[in-house]
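Asker: give me a 3D structure for the following:
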Amino acid sequence: MPLKALSDILWRERELLEQLLFKLEVEQLFLITGRTTRLPLATREVEEVLETIRAAELGRTVEVGEAARTLGLPTGVSLLDLAHAAPAPWDAILLEHRKNFVRLTAEISELAQSNRDLLATTHRATQETLMSLRESVHTYDPSGAAAASATGAQLLDETF
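Answerer: As a prediction, the model looks like this:
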């Protein structure tokens, strides 16, 4: 039955969205604690889940089309339209899926934006630190040669 197959794939997508939410939370923990050495791994895991979600979306598109044809609806209808046209108990099941998709999407969007903000803040702080070090620490230029210090002699007040 097309509605069962659709529901099965919607369950799978919900599980993937929950997994994405978890991976974004892990990424955020690394950002908040400043333990960024594992951040590339966390980011790669987020990207892997996103790729799996994209593949599942293709399957959902096929199942939505099949369910729409079964219910006499045009292709490309929304989940809400399918739910309204589906017989019981499928109408309630599809509405529940939709409600959870809306919730998960909002949580994911909020968390992803928070992570972007944290990353931008961390980047700015790193840039400011590097700029302050550039003026006081002997470093290397882009070619790898020792950069000449522009400061010269410094006078220290040792009275304190």
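Asker: please count neighbours and contacts with C-alpha atoms only from this point.
Answerer: Fine.
Asker: any idea how far Met1 is from the residue positioned nearest the centre of the chain?
Answerer: Against the mean C-alpha coordinate of the chain, by Cα atoms, centre = their mean, the closest residue is Ala112 at 4.8 Å. When distance is defined by Cα to Cα, to the nearest Å, Ala112 is 36 Å away from Met1.
Asker: do the same with Trp11
Answerer: According to Cα to Cα, Trp11 stands 16 Å off from Met1.
Asker: neighbour count: the two, which is higher?
Answerer: Taking neighbours as other Cα atoms under 10 Å, Trp11 and Met1 compare with Trp11 leading, 13 against 8.
Asker: check contacts around that one.
Answerer: His97 (Cα atoms under 8 Å, 6 or more residues apart in numbering).
Asker: same thing but at 10 Å, please
Answerer: Residues near Trp11 by Cα atoms under 10 Å, 6 or more residues apart in numbering: Ala5, Leu17, His97.
Asker: who wins on neighbours among these?
Answerer: Neighbour counts for the contacts of Trp11 peak at Leu17, which has 21 neighbours (criterion: other Cα under 10 Å).
Asker: okay, that one: pLDDT?
Answerer: pLDDT recorded at Leu17 is 98.
Asker: the helices in this structure, which residues?
Answerer: Ranges of helices within the chain are 2-33, 39-70, 79-85, 90-136, based on DSSP state H.
Asker: contacting residues for Val26?
Answerer: For Val26, the contact set (Cα under 10 Å, 6+ apart) comprises Leu20, Ile32, Leu39, Ala42, Thr43, Glu45, Val46.
Asker: again with Gln19
Answerer: Contacts for Gln19 were tallied using Cα under 10 Å, 6+ apart; they are Glu13, Glu25, Glu45, Val46, Val49, Leu50.
Asker: name the member of these with the most neighbours.
Answerer: If you count neighbours using other Cα under 10 Å, the busiest of those is Glu13, which has 22 neighbours.
Asker: how close does that residue sit to Glu63?
Answerer: 13 Å.
Asker: now do the shared contacts for these two.
Answerer: Common contacts of Glu13 and Glu63 (Cα under 10 Å, 6+ apart): Ser7, Glu57.
Asker: re earlier: thought the residue nearest to the centre of the chain was touching Phe22?
Answerer: No. With contact defined as Cα atoms under 10 Å, Ala112 and Phe22 do not form a contacting pair (11.3 Å).
Asker: got any residues that touch both of those two?
Answerer: Common neighbours of Ala112 and Phe22 (Cα under 10 Å, 6+ apart) are Gln28.
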